[in-house]
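Visitor: coordinates only, sequence not included:
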């Protein structure tokens, strides 16, 4: 063994919090976990994603243009019923996001009270809450691939759907890659080091180069499989009992909206 | 006599930065051949594959598929018949479900919907992936992703299948499964080209070996001819396969009679050893 290795060293690094790196790792992990949580089988008692996307958008529009509290209360009751069938953790997340955004809207609208418009400060935040809950229920209960198929049925341009698909894929892949780089950075940043945060720009740069290489390779792989710019999806349209029930409920909501409008 | 399926004639390719990746490559590939393409990193193997599939346009030289010289008009015909399985499955898988990804190639071939669905089901069954249809491919294991990427090419029913380092980053079980798939494709008479650094795999699987070095083919022959040529191995930074080393050692030390058996698989070596009982004698 060389002599320098046999020498005793009492190196005590000065403590550092590493909060920024830890927070970055945690936020990346949370994002990946959120997307990975979608790797579940489609519930056969769930309605077709096409109807769910269609009626969620419709519900948001109806709530926005509705002039009565009665219709909004009805929609709230319906959404709460849907929430009851979801896992507890997802319910908490959906409600938390909705309430934060509602509070934010209420704060923005606060000056209207001083001008005597007390109606807006109540109805607009409630409408925001309902819209956010409705969209989040759709997002949590529907797999991403089902949403892209639904978008295809709405004749959203193929290229846009393709970009959405690829974006989601790369969020996961590059997210995992950045977590590994951040781990490597944390392992090598012992003690107090003023240049620690500068290394993060290196992480971002490496990530950019990696994403560029991956994009080039992916394009070559797509060309090999005959890609000419047209992205087609082949999926059979199924209509089951769940779809019929879902359509019936939503037809009821439309009817009530028209009556109350 | 076997029919020629693909020909690269004096093929050269220069990258945008001026680096010559292929330098006058000429090779003829025949129906049903099992070819291993070996050589050091950066020797031009992958560039050669991307040229013969038409992803890269050669700087000079030409590609002939069957009797058709490849040009812009015939490019799609070439891509339809020459499929590449890329080294990193993550770069090849693009759709959000296994079914959509396997169907990507057939859809691009503008096949009727029913045929696409049938081909997808067949390819998934072929690769032992039935039941994975609606899974997002990016959350599968490395071996499963590799199988999805192969299924995506199998569904296009190409005549020539190219695998770019297929065993890289696979564990031994998945590598074995991959060899089984290759055997299955070989039995169906598919023409296959595989680039690899695994000389043991090359020795036991290939019928013909192409050795690349600095963008040129420096040797073309049977695995035995290649691995017995010390000069080629030195030039291309290659090792000799363990099976060949062991066999020659056994012959040299007199355990086996000097013969031209040259076993390629462990089972074949066992048979050679069983037949040579006379020389080994009775251990008792």
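Guide: Perfect, thanks for sending it. Everything numeric here is computed off the predicted structure, so don't read it as measured data. Residues are numbered from 1 along each chain as shown, chains lettered A, B, ... in the order given.
Visitor: center of chain B - which residue?
Guide: Residue closest to the average C-alpha location in chain B (Cα atoms, centre = their mean): residue B:194, at 1.6 Å.
Visitor: that residue in helix, strand or coil?
Guide: For residue B:194, the assignment made with DSSP: H, G, I helix; E, B strand; the rest coil gives strand.
Visitor: that's a strand at residue A:155, yeah?
Guide: No - read with three-state DSSP, residue A:155 is coil and lies in no strand.
Visitor: check it and give its pLDDT.
Guide: The score at residue A:155 is 82. That number is its pLDDT.
Visitor: residue A:234 now?
Guide: For residue A:234, pLDDT reads 63.
Visitor: re the thing from before, how about the residue nearest to the centre of chain B, nearest residue that isn't a chain neighbour?
Guide: In this structure, residue B:194 finds its nearest non-sequential neighbour in residue B:163, 4.5 Å apart by Cβ to Cβ, 6 or more residues apart in numbering or on different chains. Heads up, the C-betas are built off the backbone N, CA and C, glycines and all.
Visitor: give me the element that neighbour is part of.
Guide: strand B:160-164 (DSSP states H and E).
Visitor: each with direction, which strands does that strand pair with?
Guide: Using DSSP bridges, the strands paired with strand B:160-164 are strand B:82-85 (parallel), strand B:191-195 (parallel).
Visitor: and the longest helix seen in chain A, what other elements does it pack with?
Guide: Criterion DSSP state H: the longest helix present in chain A is helix A:158-188. If contacts are counted by 3 or more Cβ pairs under 8 Å, 6 or more residues apart in numbering or on different chains; DSSP states H and E, helix A:158-188 sits against helix A:19-36, helix A:144-153, helix A:199-224.
Visitor: go through that helix and flag the buried ones.
Guide: A:161-162, A:164-166, A:168-170, A:172-175, A:177-179, A:181-182, A:185 (16 or more other Cβ atoms under 10 Å in any protein chain shown).
Visitor: same question for stretch A:82-92.
Guide: Going by 16+ other Cβ under 10 Å, stretch A:82-92 has these buried residues: A:83, A:86, A:90, A:91.
Visitor: next: stretch B:46-62.
Guide: Result for stretch B:46-62 [16+ other Cβ under 10 Å]: buried residues B:46-56, B:58, B:61.
Visitor: out of those, who's near chain A?
Guide: Of the residues in the buried residues of stretch B:46-62, proximity to chain A by Cβ under 8 Å from any Cβ of the partner chain holds for B:50, B:53, B:54, B:55.
Visitor: roughly how far apart are the residue nearest to the centre of chain B and chain A?
Guide: Distance of residue B:194 to chain A, given as Cβ to the nearest Cβ, to the nearest Å: 16 Å.
Visitor: from what I can see that residue touches residue B:38, true?
Guide: No - with contact defined as Cβ atoms under 8 Å, residue B:194 does not reach residue B:38; the gap is 9.2 Å.
Visitor: hey, which helix or strand in chain A has the poorest pLDDT?
Guide: Across the helices and strands of chain A, mean pLDDT, DSSP states H and E gives its lowest value to helix A:19-36, namely a mean of 73.
Visitor: after that helix, next one along is what?
Guide: Next along the chain after helix A:19-36, taking DSSP H and E as the criterion, comes helix A:49-65.
Visitor: for whichever helix or strand comes after that following helix, buried residues please.
Guide: Once the chain leaves helix A:49-65, the next helix or strand it forms, by DSSP H and E, is helix A:69-84. If you call a residue buried by 16+ other Cβ under 10 Å, then helix A:69-84 has these buried ones: A:71, A:72, A:74, A:75, A:76, A:78, A:79, A:83.
Visitor: between helix A:69-84 and helix A:49-65, how many degrees?
Guide: Angle of helix A:69-84 versus helix A:49-65, following axes from the mean of the first three to the mean of the last three Cα atoms, to 10 degrees, is 150 degrees.
Visitor: what is the mean pLDDT for the following helix or strand past helix A:69-84?
Guide: Remark: after helix A:69-84, the chain's next helix or strand is helix A:88-109, criterion DSSP H and E. Mean pLDDT, helix A:88-109: 90.
Visitor: who's in contact with the following helix or strand past helix A:88-109?
Guide: Going down the chain from helix A:88-109, the next helix or strand is helix A:111-114, by DSSP H and E. With Cβ atoms under 8 Å, 6 or more residues apart in numbering or on different chains as the test, helix A:111-114 has contacts from A:120, A:121.
Visitor: which SSE is immediately downstream of helix A:111-114?
Guide: Next along from helix A:111-114, by DSSP H and E: helix A:118-141.
Visitor: what's the mean pLDDT across that next one?
Guide: Mean predicted lDDT for helix A:118-141 stands at 88.
Visitor: cool, and stretch A:65-72?
Guide: 87.
Visitor: for residue A:228, find the nearest of the strands paired with strand B:160-164.
Guide: strand B:82-85 (16.2 Å; Cβ to Cβ).
Visitor: looking only at pLDDT, what's the mean for the following helix or strand past the closest one?
Guide: Using DSSP H and E, the helix or strand that follows strand B:82-85 towards the C-terminus is helix B:89-92. For helix B:89-92, mean pLDDT is 87.
Visitor: what's the following helix or strand after helix B:89-92?
Guide: helix B:98-108.
Visitor: list the buried residues of that following helix.
Guide: Across helix B:98-108, burial judged by 16+ other Cβ under 10 Å covers B:98, B:99, B:100, B:101, B:102, B:103, B:104, B:105, B:106, B:107, B:108.
Visitor: so what's residue 164 closest to, chain neighbours aside?
Guide: Chain wasn't specified; assuming chain A. Closest residue in space to residue A:164, ignoring its immediate chain neighbours: residue A:148 at 6.0 Å, by Cβ to Cβ, 6+ apart.
Visitor: actually it's chain B I care about, not the one you picked
Guide: Excluding the flanking residues, the one nearest residue B:164 by Cβ to Cβ, 6+ apart is residue B:87, at 4.5 Å.
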